[in-house]
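Student: Sharing a model prediction with you, sequence too.
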Amino acid sequence: MGVISSVMLCSSVVDFVSPISAHYQAIKKSEDLLKEKQHIQSVLVKQSNKDKLDYQVQLNAIVDCIRFFLCQELAFRGHDESQGSSDKGNFLELLQFLGNHNKSINEVLQTAPKNCKLTHSDIQKDIVNAIARETSKAIIKDLDNGFFSILVDESHDISVKEQMSLVLRYVNKKGIIIERFLGIVHVASTTALSLKCAIECLLCEHNLSLSNLRGQGYDGASNMQGDINGLKTLILKENKSTFYVHFFAHQLQLTFVAIAKNHINIAEFFIVVSNLVTVVGGSCKRRDALRDAQFAKIKEDLENGVHRSGQDLNQETNLKCPDDTRWGSYYETILNLILMFSAVVDVLEIIEEDGLSNQKIEARSIMS
C-alpha cells in the first residue's frame with residue numbers, strides 16, 4: 001500500500017483517536033509532510049530579494065533591542081501589548097522608538113505580516129539563546145583548546161533555587177589574561193559531588209575537558225575547599241595539575257572583618273550599626289518614613305544653598321546591613337549612615353514615640 005493510501009486510511013480513524021495521542025500526532029505530521037507548498041523551503045524560494053532584505057532589517061532591529069535590554073538588565077514585557085496600549089513594555093516601546101527615528105525600520109515594521117512580527121516572547125527567548133550560543137562559541141574559539149582555570153560560585157536566585165555560575169580564566173594568544181563568564185546552571189544541591197557533576201556537564205557542553213584544567217578558584221565554604229570530600233579535592237583526584245586558590249578578594253574581606261572585630265570598640269560599633277539598620281528598616285512604613293525624611297532634608301539643604309544640584313548629585317540612598325563576604329559593604333553602610341544621619345534620627349524619634357514597647361526600647365537604646 002502506498003504512502004498516500006496509508007495516510008488516507010489513517011485519516012478515517014482520526015475522529016476515534018485522542019488529539020494528544022502519539023498516533024494522532026503522527027498522522028497530522030504525515031499529512032503536513034505531504035503538503036509541499038507549505039514547506040519552509042518553498043516559502044523561502046518564493047520570497048523576493050526585497051522580502052529577504054526587509055526581514056534582515058527587521059531582525060537586526062529586534063536583536064539590537066534585545067542586546068540593549070540584556071546589557072542594561074531591564075525587564076522586557078508589558079501588561080498590555082496591543083497596538084494602542086500605553087503599557088506595552090520596555091521592549092516594544094524601544095522598538096517603536098527605533099522605528100520612529102529610522103524610516104526603513106519603521107516601514108518594515110509596519111508592513112511585516114502578523115505571523116512574522118518577531119515580537120513574541122518565545123521568539124525573544126530563541127534570539128537570546130542564539131546570542132548566548134554565539135557568544136560562547138566566540139569564547140571557546142578564543143581559548144583555542146588551551147589550558148584554562150575556572151572560578152565557581154553558587155547562590156540561590158530570587159525564586160530560592162540554587163544556581164552555580166562558572167567563569168573561565170585563561171591566557172589568549174596575545175598573552176593577555178582573559179576572564180569570561182561561561183554560564184549559570186541550576187544545581188539540585190550544593191554538595192561537592194553535585195557541583196562537580198554540574199561543572200563537568202557545562203564544560204562538556206562546550207567541548208572542554210578537565211584534562212586542560214590548570215586552576216580552580218572558590219570561596220572558603222567547606223563544600224568547596226574540604227580536604228576530604230570538597231569540590232577541589234574531587235577535581236584534584238582526576239587532575240593533579242588543577243591547583244586550588246581561595247578567592248583573594250574573599251580572603252581579604254574576611255581578614256579585614258576579623259581583624260576589625262578583634263577590637264572591642266569597633267565590634268561594638270558595628271553591632272550598634274546593624275541593630276540601627278534593622279530597627280529603622282524593619283518595615284515598609286519605616287523605610288518610607290526614612291525616605292521622606294531624607295527627601296525633606298535634601299530639599300531644605302538645596303534651598304539654603306548647603307548642597308548644589310546637578311547630574312548624579314543627591315541620589316536616593318538606603319541602609320543595608322553589612323555583609324562579611326561583600327567587598328566594601330561596611331564602608332558603604334557607614335557612608336550612607338553619615339549621609340542619612342538626620343533622617344535616621346527623625347525615624348528613631350518616631351519609633352520611640354509611636355512604636356510598640358519593645359520597639360521603643362530598641363530606639364531609645366540606640367539613641368542613648
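Tutor: The structure has been received and is ready for your questions.

Student: wait, isn't Val63 in contact with Glu134?
Tutor: No: taking contacts as Cβ atoms under 8 Å, Val63 lies outside contact range of Glu134: 10.7 Å. Placement of C-beta: from N, CA and C, glycine included.

Student: Neighbour count: those two, which is higher?
Tutor: A side-by-side neighbour count of Val63 and Glu134, using other Cβ atoms under 10 Å, places Val63 first with 16 against 10.

Student: Figure out the helix or strand that that one lives in.
Tutor: Here Val63 is covered by helix 49-72, with elements defined by DSSP states H and E.

Student: For that helix, the averaged confidence score.
Tutor: Helix 49-72 carries an average pLDDT of 77.

Student: Name the residues of that helix that are buried.
Tutor: Buried residues in helix 49-72, defined by neighbour count with 16 or more other Cβ atoms under 10 Å: 54, 57-58, 61-63, 65-66, 69.

Student: Do you have the strands of the stretch 51-200 of the chain handy? List them.
Tutor: With DSSP state E, counting those that start in this stretch as the criterion, the stretch 51-200 of the chain has strands at 148-156, 162-171, 177-186.

Student: Ile235 contacts Arg214, doesn't it?
Tutor: No: assessed by Cβ under 8 Å, Ile235 is found out of contact with Arg214, at 11.2 Å.

Student: Spit out the residues that contact those two alike.
Tutor: Both Ile235 and Arg214 are contacted by Thr242, under the criterion Cβ atoms under 8 Å, 6 or more residues apart in numbering.

Student: In terms of neighbours, single out the busier of these two.
Tutor: Counted by other Cβ under 10 Å, Ile235 and Arg214 do not tie: Ile235 has more neighbours, with 21 against 16.

Student: tell me which element the more buried one is part of?
Tutor: helix 231-238.

Student: what helices or strands is that helix leaning on?
Tutor: helix 192-205, strand 213-218, helix 222-225 (3 or more Cβ pairs under 8 Å, 6 or more residues apart in numbering; DSSP states H and E).

Student: quick check: mean pLDDT across that helix?
Tutor: Averaged over helix 231-238, pLDDT sits at 87.

Student: which of the residues in whichever helix or strand comes after it are buried?
Tutor: Moving toward the C-terminus from helix 231-238, the next helix or strand (DSSP H and E) is strand 243-246. Buried residues in strand 243-246, defined by neighbour count with 16+ other Cβ under 10 Å: Tyr244.

Student: Now strand 243-246: average pLDDT?
Tutor: Taken as a whole, strand 243-246 carries a mean pLDDT of 81.

Student: Could you do stretch 188-198 as well?
Tutor: When pLDDT is averaged along stretch 188-198, the result is 85.

Student: how about it: buried residues?
Tutor: Counting neighbours by 16+ other Cβ under 10 Å, stretch 188-198 gives 190, 192, 194-196, 198 as buried.

Student: Please enumerate residues in contact with that stretch?
Tutor: 152, 154, 162, 164, 185, 187, 223-224, 226, 229-231, 233-235.

Student: can we see that at 7 Å?
Tutor: By Cβ atoms under 7 Å, 6 or more residues apart in numbering, the list of residues contacting stretch 188-198 from outside reads 154, 162, 164, 185, 187, 223, 226, 229-231, 234-235.

Student: Make JSON lines from those residues and add distance to Asn145 to it.
Tutor: What follows is the contacts of stretch 188-198, written out as JSON lines (distance: Cβ to Cβ, whole Å):
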{"residue": "Glu154", "distance to Asn145": "27"}
{"residue": "Glu162", "distance to Asn145": "31"}
{"residue": "Met164", "distance to Asn145": "24"}
{"residue": "Val185", "distance to Asn145": "22"}
{"residue": "Val187", "distance to Asn145": "27"}
{"residue": "Asn223", "distance to Asn145": "30"}
{"residue": "Gly226", "distance to Asn145": "31"}
{"residue": "Asn229", "distance to Asn145": "31"}
{"residue": "Gly230", "distance to Asn145": "28"}
{"residue": "Leu231", "distance to Asn145": "24"}
{"residue": "Leu234", "distance to Asn145": "24"}
{"residue": "Ile235", "distance to Asn145": "19"}
